[in-house]
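*Asks:* sequence and computational prediction follow.
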Amino acid sequence: MKRKIVLRGLLGFPLGVAIGHSITIILSLIFANGYYTPCAPELIAVAGSEIHAVLLQTILCGILGSGFAACSVIWEIEHWSLVKQTGIFFLIVSVIFMPIAYVLYWMEHSLKGIISYFGIFVLIFIAVWIVQYAVGKRNIKKINNALDKKQGNKHNEK
């Protein structure tokens, strides 16, 4: 299990960087009027330069990717209930995600900004969870139907 956590964490780092970079491109296309905006202007001011801000954002996006990837092993702990898996996964990724989002100025630095951003995070988490649950349920139904069909064929052969 520890090996799997480490391997997923290592693989998650470049994935987090790639996703973070892709998001900056998408946001630039939508909001930057033909310019590329690699990170929040407030982060550039705090970091002292654009390159330092981009470097910090890249590293933290990698850490975010590592955290999400490493935590994915939670879904494979079969003796835990789905509620326990969901709760622990949500708690861990929230503890990783929210401070990084704050440091990178992805949210307004106020109580209202933190609460709003967390609310959006929760809504996205719920939406992704529902989709994943529905896909899993559909896959289980397909497997059960295939097994029933196979069992029916065995009974017909006798």
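*Replies:* Nice, thanks for sending it over.
*Asks:* in terms of helices and strands, where is the spatially most central residue of the chain?
*Replies:* Central residue of the chain (Cα atoms, centre = their mean): F68, 5.4 Å from the mean position. F68 belongs to helix 50-71 when assigned by DSSP states H and E.
*Asks:* one more: I114?
*Replies:* In this structure, I114 sits in helix 111-157 according to DSSP H and E.
*Asks:* can you give the distance of that helix from its chain's centre?
*Replies:* A distance of 16 Å separates the C-alpha centroid of helix 111-157 from that of its chain, computed with Cα atoms, centre = their mean, to the nearest Å.
*Asks:* tell me the mean pLDDT for whichever helix or strand comes after the helix holding F68?
*Replies:* The helix or strand immediately downstream of helix 50-71 is helix 82-103, counting by DSSP H and E. For helix 82-103, the mean pLDDT works out to 95.
*Asks:* tell me the domain ranges of this protein?
*Replies:* Structural domains annotated on the chain: 1-106, 109-158, as defined by automatic domain parsing.
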